[in-house]
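Enquirer: Any chance you could fold what I've pasted below:
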Amino acid sequence: MPLFALSESTITLLVIAGIVVVVLMLVASIYNKLVTLSQRFKNAFAQIDVQLKRRYDLIPNIVETAKGAMAHERETLEAVIQARNQASAAASTAAANPGNAAAIGSLGAAETALTQSLGRFFALAEAYPDLKANQNMLSIQEELTSTENKVAFARQSFNDSVTAYNTYRSTFPPVLFAGMFGFQPASLLEFDDKEQIKQAPKVSF
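Expert: Numbers count the residues shown, from 1 in each chain. Below you'll find the model as predicted:
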């Protein structure tokens, strides 16, 4: 009998231990990948947040500049500011946890409402010649348009990162452990900005 011969039970235990080690390594790998992908879309949202804050800062300026000429459009101006404030609050909530699907959904709805309010504002502004000659309005409008483009680019990057995360999370075997580790499905940031993109450039200030 060999000096280092192992008993059948010892061999069985070694095999089991080896399997456990492999499983633990697999689980650790899945966890690390989920962390990496979730951090990626959270970082991507941070870029959206920067641009949205810039947008929210510009809106009161453009409304304030338009007040004199659009004195009879008070309801429209107030609606823009109200929509801006609601969107800003929704953005702050989403920024605190970009992985919260409800918060992202609320931001999308708030941004859509803001887009619609701005669309009505720009459409009415076309009827005021004094605004079209206002260089301050021209400058702010150009900044707003530029910011809108940056928001769209950052949002696409965020949505791509969310898609990659959700896809990996739903595959096998990650799907077996994601919920256990607290990695819930993330939500795409979707809002209808077509009206604003269409309306804003039409105002030739």
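Enquirer: avg pLDDT for the lengthiest helix in the chain?
Expert: Determined from DSSP state H, the single longest helix within the chain is helix 8-66. For helix 8-66, the mean pLDDT works out to 93.
Enquirer: which helices and strands sit right next to it?
Expert: Secondary-structure packing of helix 8-66 (3 or more C-beta pairs under 8 Å, 6 or more residues apart in numbering; DSSP states H and E): helix 74-96, helix 101-125, helix 135-170, helix 174-177. Placement of C-beta: from N, CA and C, glycine included.
Enquirer: let's see it at 7 Å
Expert: Contacts defined by 3 or more C-beta pairs under 7 Å, 6 or more residues apart in numbering; DSSP states H and E place helix 8-66 against helix 74-96, helix 135-170, helix 174-177.
Enquirer: Give me the contacts around the shortest one.
Expert: Helix 174-177 is contacted by residues 27, 30, 34, 168-169 when judged by C-beta atoms under 7 Å, 6 or more residues apart in numbering.
Enquirer: One more: stretch 105-113?
Expert: 83, 86-87, 90-91, 93-94, 187, 189-192.
Enquirer: Show me how to select, in ChimeraX, the buried members of those residues.
Expert: ChimeraX command restricting the contacts of stretch 105-113 to the buried ones, with burial defined by 16 or more other C-beta atoms under 10 Å:
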select :83,86,87,90,91,94,187,189,191
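Enquirer: Just checking: the least confident one among the contacts of stretch 105-113 is which?
Expert: Comparing the contacts of stretch 105-113 by pLDDT, residue 192 comes last, at 72.
Enquirer: and that residue, what does it touch?
Expert: Residue 192 touches 112, 115, counting by C-beta under 7 Å, 6+ apart.
Enquirer: Then residue 42?
Expert: 98-99.
Enquirer: could I get the helices and strands packed on helix 8-66 as TSV with distance to residue 67?
Expert: What follows is these, written out as TSV (distance: least, C-beta to C-beta, whole Å):
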stretch	distance to residue 67
helix 74-96	7
helix 135-170	11
helix 174-177	54
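Enquirer: Which member of the contacts of stretch 105-113 is positioned nearest residue 179?
Expert: Closest approach between the contacts of stretch 105-113 and residue 179, by C-beta to C-beta: residue 187, at 16.1 Å.
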